Every structure is written in C-alpha cells, then in structure tokens.
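> Predicted model, plus sequence, below.
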Amino acid sequence: MGCHHPRILVAASDPKEGAVLARYLRGQDYRVARAGNSDRCLRRLSRHPDLVLLDLSIENAERVLK
C-alpha cells in the first residue's frame with residue numbers, strides 16, 4: 001500500500017517567508033507548491049491540493065476565496 005504525502009499550496013506575499021515555510025514542510029514529508037500572487041494560486045488550485053495556506057495580503061487574495 002502506497003503512502004500518501006499530502007499536497008500543500010503555500011501562497012505567501014513575502015517570497016522569503018514562503019520559501020522558509022515550504023522548506024520546513026518539505027522536511028516534514030509534504031509535497032509543496034508555492035504561489036506569490038492570486039493568478040498563480042488559482043492555477044495551482046486546479047491541481048486540488050489537500051491544504052492551502054493563504055496569506056490574505058497577497059495581491060487580489062479575495063479572488064482565491066471565491
């Protein structure tokens with residue numbers, strides 16, 4: 001039986017914060033995708049991540065919440 005590695009989308013307005021968080025999560029055996037704006041976040045959402053960590057200060061974050 002295969003092991004499921006949850007997919008997490010990290011959408012952070014600060015690239016450094018996003019990188020630190022992504023590095024930590026990968027170290028915990030999660031698969032991580034990053035997005036720094038709402039357009040990229042919406043594209044990555046089409047891949048159906050298990051969890052989204054959304055920084056509400058990213059540009060046009062309200063689009064992601066719809």
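Nice, thanks for sending it over.
> which strands and helices sit next to whichever strand or helix holds residue 33?
Element membership for residue 33 (DSSP states H and E) is strand 31-35. Helices and strands touching strand 31-35, by 3 or more CB pairs under 8 Å, 6 or more residues apart in numbering; DSSP states H and E, are strand 7-11, helix 15-27, helix 38-45. For the C-beta atoms, the positions are set from N, CA and C on the backbone; glycine is no exception.
> Highest mean neighbour count out of the ones you listed?
Comparing the helices and strands packed on strand 31-35 by mean neighbour count (mean count of other CB atoms under 10 Å), strand 7-11 ranks first with a mean of 22.
> What pairs with that one, parallel or antiparallel?
Here strand 7-11 has these sheet partners by DSSP bridges: strand 31-35 (parallel), strand 51-54 (parallel).
> Same list (those) but as JSON lines, adding mean neighbour count, distance to residue 65 and mean pLDDT.
Output for these, formatted as JSON lines (neighbours: other CB atoms under 10 Å; distance: least, CB to CB, whole Å; pLDDT from 0 to 100):
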{"stretch": "strand 31-35", "mean neighbour count": "19", "distance to residue 65": "14", "mean pLDDT": "96"}
{"stretch": "strand 51-54", "mean neighbour count": "16", "distance to residue 65": "8", "mean pLDDT": "95"}
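> Would you format these as CSV with distance to residue 6 included?
As requested, the strands paired with strand 7-11 are exported to CSV (distance: least, CB to CB, whole Å):
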stretch, distance to residue 6
strand 31-35, 7
strand 51-54, 6
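> Looking at these, which is nearest to residue 43?
Taking CB to CB, strand 31-35 is the member of these nearest to residue 43, at 7.8 Å.
> Show me what the closest one is in contact with.
5-12, 18-19, 22, 25-26, 41, 43-44, 47, 49, 58 (CB atoms under 8 Å, 6 or more residues apart in numbering).
> Could you do stretch 45-55 as well?
6-14, 17, 21, 33, 41, 61, 64-65.
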